[in-house]
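>>> A predicted structure for the sequence below; I have some questions about it.
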Amino acid sequence: MGLLDRLFNRTKRATGLAVNYGNPAVYEHINTDKAVTEGYLGNTAVYAIVNKDAQKFAAVPQYLYNARSEEDEIIENDLSKLLQRPNEYQGSDAFREQLRAYRKLTGEAFIWLNRGILAEGLEGIARMAKPVLEMYVLPSDQMLIVPDPENVYGVLGYVLDLGGTQLKMAKEDVIHWKGTSLEFDASNRTHMRGVSPLSSGYKTLQQNNSATDAAVRMYQNDGAKGVLFNESFDALDPVQKQDVRGVVNKRVNNSDVKGAVATLPGKWGYLDLGKGSTDLDLLEGKKLSMQELCFLFDVPYELFDSETTFANKEQAQKGWLYNSIIPACKQFDDELNRVLLAAFNLIGTAVIRSDFDDLPELREDVAQLVTSLNTAWWITGNEKREWMGFGKITDPTMDEVLLPAGQTPISQVNMDEVARQLDQQGLNE
């Protein structure tokens, strides 16, 4: 066993079995490999949920702003160009969509920072100070972490498993964006990896897959709708029986006569097999498992339900943006600021921030905020600008309260005259 093997236990975690001996059922502890193969590539619901979330996340642009300016001043330099074109194969939207899909599905995402040949042989702070030329999203299910044996939270480096070939990467060249893991293990360091929602929801995934398989069998092998029988069939010879089958197939088992009333000579009986409640329960169970998968991935089920009203879909969409997409964007901003600002020597002078103004779902909320602030005369102009996300204006009148009558600064109003008018109206008591 080599040094790498001793330091690192690959995160194909030990299989945890939950066995019901009365009715044998085995549920394996899902890992990143299964999240991709059985979840994203093997389940329609998971594919749709993850893609919807990733595409909405990718629709939020990131810009580089001047950290010292009170206005939202966008900076144009090498870092801003990197944000808009992370690598030669992807634009910003495609890069962020792929990154978010891995983060949502596996609970973690990895970005390789290509610093070029100038970074060869450099380590630590010296390496982090080298500009980043490109950024690539790495497959979470193929990434290995080399932990520091002296620190249960430390990382020595990363390894990309390329079908048996292991490509080593310096820890300074990888951004590991992951969620919280409560599975602390000082031996195999599972707490240093993200947790896929399907780890908790593997039973739900299996339920949805089983319901889909059963539905396919139901539609493909639906069986007979009923049984048509001739009370004197036993008295017929083989040729007559074949003739009867031909007549039934022509007049009854024929899509051309759908909805028609078939007539047959002789005395016949019919047994209606119909569909039992099991089929209806199957469809309902699939719907419930879809809802539970949406809960796991924090995506509103209403977005996939054709029976949900437009107003409810709209509310669910806004709640999803405020409670999931926007916090995720801000978290990703922090990860990039942590690493990229140092690489371009911009700490304290610039900041990477997502811009949510272009999201159509939030424009109505902005319009309502403008209307509310416009009628709130007791709030100063600069306070209103802060509410809207803008910087202050140095004009001193922007820090004064404007009275509704003609929008006059309060410092220019004759308060004695105001008091006299209130006295005349009996309001100054």
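Yep, that arrived. Numbering: from 1, shown residues only.
>>> all strands of the stretch 51-200 of the chain, in order?
Remark: strands assigned in the stretch 51-200 of the chain by DSSP state E, counting those that start in this stretch are 62-66, 108-114, 134-138, 143-147, 155-162, 165-170, 174-178.
>>> so what secondary structure elements neighbour the second one?
Applying 3 or more Cβ pairs under 8 Å, 6 or more residues apart in numbering; DSSP states H and E, one finds that strand 108-114 contacts helix 92-106, strand 134-138, strand 174-178. Glycine gets a C-beta too; all of them are placed from N, C-alpha and C.
>>> tilt between the first one and strand 108-114?
If you take axes from the mean of the first three to the mean of the last three Cα atoms, to 10 degrees, helix 92-106 sits at 140 degrees to strand 108-114.
>>> and helix 92-106, what's its mean pLDDT?
Per-region confidence: helix 92-106 scores 96 on mean pLDDT.
>>> That one: which residues count as buried?
Of the residues in helix 92-106, those with enough neighbours to count as buried (16 or more other Cβ atoms under 10 Å) are 95-106.
>>> what angle sits between it and strand 143-147?
70 degrees.
>>> D173 reaches W112, doesn't it?
Yes - when contacts are counted by Cβ atoms under 8 Å, D173 is listed as touching W112 (6.2 Å).
>>> rewinding a little: what about the helices and strands packed on strand 108-114, which gets the closest to E302?
Put simply, out of the helices and strands packed on strand 108-114 the one that sits nearest E302 is helix 92-106, at 18.3 Å, with distance taken as Cβ to Cβ.
>>> For V36, give me the pLDDT.
We note a pLDDT of 91 for V36 in this prediction.
>>> hmm, I was thinking of D358
So, for D358, pLDDT stands at 76.
>>> give me phi/psi at it?
Reported as degrees, to the nearest 10, the phi and psi values for D358 are phi -80, psi -10.
>>> Identify the spatial nearest neighbour of it, chain neighbours not counted.
Distance criterion Cβ to Cβ, 6 or more residues apart in numbering; nearest residue to D358, sequence neighbours excluded, is P61 at 6.8 Å.
>>> Contacts only, for that neighbour.
Applying Cβ atoms under 8 Å, 6 or more residues apart in numbering to P61 gives the contacts 92, 354-355, 358.
>>> For my notes, confirm T308 occurs in a strand.
No - secondary structure of T308 (DSSP: H, G, I helix; E, B strand; the rest coil): coil, not part of a strand.
>>> wait, doesn't it sit right on Q291?
No - using Cβ under 8 Å, T308 makes no contact with Q291, being 11.6 Å away.
>>> circling back: any chance of the strands of the stretch 51-200 of the chain in a markdown table with distance to L41 and mean neighbour count as columns?
Formatted as a markdown table, the entries for the strands of the stretch 51-200 of the chain read as follows, by distance: least, Cβ to Cβ, whole Å; neighbours: other Cβ atoms under 10 Å:
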| stretch | distance to L41 | mean neighbour count |
| --- | --- | --- |
| strand 62-66 | 29 | 19 |
| strand 108-114 | 18 | 22 |
| strand 134-138 | 17 | 19 |
| strand 143-147 | 18 | 20 |
| strand 155-162 | 18 | 16 |
| strand 165-170 | 23 | 13 |
| strand 174-178 | 22 | 19 |
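>>> those strands in the stretch 201-350 of the chain, which residues are they?
According to DSSP E, counting those that start in this stretch, the strands that the stretch 201-350 of the chain contains are 226-230, 268-272, 350-354.
>>> who does the last one pair up with?
Note on strand 350-354: by DSSP bridges, its sheet partners are strand 62-66 (antiparallel).
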